[in-house]
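Colleague: Make a model of this:
(one chain, ligands or ions: 2)
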Amino acid sequence: MDDGSVQVQVLSHPMVRARLTSLRDAETDTPAFRTLLAQLTTMLMYEALAGIDVDETTVRTPIGPCTGVRIAQPPLLVPVLRAGLGMLDAAMTLLPEAQIGFVGVARDEATARPNEYLVSLPRELAGRTVFVLDPMLATAGSMCHTLDVLARHGADDVTAVCVVGAPQGVAALQASPHRLRLVIGGIDDGLNEDSYIVPGLGDAGDRLFGPR
Ligand code: PRP
Ligand code: URA
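Modeller: Ligands and ions are numbered 1, 2, ... in the order given. Have a look, this model is predicted:
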C-alpha cells in the first residue's frame, strides 16, 4: 500500500555534505568515524526537532522577566542496534531529558532480511514523539521492522533519522503502511548485489564497532 505518508527531508546543507563525505571515506578510521557520525547526528536531529511541541515558560534574566519556551514532552529516542548506537550520545546531548528505547535488528547476510534480537520499549507509545536513529536505510527492511514494532506499541508520531539511504529504501517506506517523517543526510544511487548502498559508506556497524 502506498498511502504517500512518508515526508522525506534530505539535508543539503554544506556542513552535512562535507561531514558525510568524510564519513564515506574508506580511509576514515573508527575514532574519526564515531566523531563524524555524532556531528552529523547533531545536525540531523536539529532539523528533525524543528517542529517539536513547546510550552511557554518565563525566566528571569539579570535584567528582568523573559518569556520563552521549553520542550513540552521529552521524546523517545530509539536507536536501532548496533549502528544506531553511534547516534545516541549526540541525540541525548541535545535532549538530555529524552527517554531511550532499543530495537536490535541484524540483517541476514544472505537474504538482507532483518532478524530481531532485542526490543526494549515503553509499553504504550500513543501520543509520544519518537525518533528512530539508524545511520543506514538500504532495503529499509530493518526500518520497516522497527516501525512495525513501534506501531504495535501504539506509536503514531515517528521520525526516522538516517545518515544515508538508497532510493529502494525510501520506496519501501512509501510502500509500507506507516506514516512517518524521514530526515536524512543523503540519498545515494542504489544498492549493489549484496544490498549495500552505492556508493554509501560500507558497513556502518562494522566501522563503528568492528566486524562480527
Ligand atoms: C545495518 C544498518 C541498518 C540496516 C540497513 O545494520 O545499521 O540497521 O543495516 O539495511 P536495510 O535497510 O537493508 O535493513 P546491520 O543489520 O548491518 O547490523 P549492525 O548495525 O549491527 O551492523
Ligand atoms: N547496512 C550498512 O551498514 N550499510 C549498507 O550499505 C547497507 C546496510
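
Colleague: Could I get the pLDDT score of Arg212?
Modeller: Arg212 is assigned 86 on the pLDDT scale.

Colleague: Now do the same contact list for it.
Modeller: Arg212 is in contact with 205-206, counting by C-beta atoms under 8 Å, 6 or more residues apart in numbering. C-beta here means a position set from N, CA and C on the backbone, and glycine is covered the same way.

Colleague: Quick check: phi and psi on Gly169?
Modeller: As for Gly169, its main-chain torsions (degrees, to the nearest 10) stand at phi -70, psi -40.

Colleague: Next up, the contacts around it.
Modeller: Contacts for Gly169 (C-beta under 8 Å, 6+ apart) come out as 137-140, 143.

Colleague: overlap between these and the residues near ligand 1?
Modeller: Applying C-beta under 6 Å from any ligand atom, the subset of the contacts of Gly169 adjacent to ligand 1 comprises 137-140, 143.

Colleague: and of the contacts of Gly169, the nearest to Arg128?
Modeller: Met143 (18.2 Å; C-beta to C-beta).

Colleague: The closest one: neighbour count?
Modeller: Counted with other C-beta atoms under 10 Å, the neighbours of Met143 add up to 28.

Colleague: about what we covered before: buried only: go through the ones next to ligand 1 among the contacts of Gly169 for me.
Modeller: 137-140, 143 (16 or more other C-beta atoms under 10 Å).

Colleague: got the residues of this protein near ligand 2?
Modeller: Contact residues (C-beta under 6 Å from any ligand atom) of the chain with ligand 2: 83, 136, 138, 196-197, 200, 203-205.

Colleague: the helices in the chain, which residues?
Modeller: 14-24, 30-48, 85-94, 141-152, 167-175, 204-209 (DSSP state H).

Colleague: Would you reformat those helices as CSV and include mean pLDDT?
Modeller: Converted to CSV, the helices of the chain look like this (pLDDT from 0 to 100):
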stretch, mean pLDDT
helix 14-24, 98
helix 30-48, 98
helix 85-94, 98
helix 141-152, 98
helix 167-175, 98
helix 204-209, 98
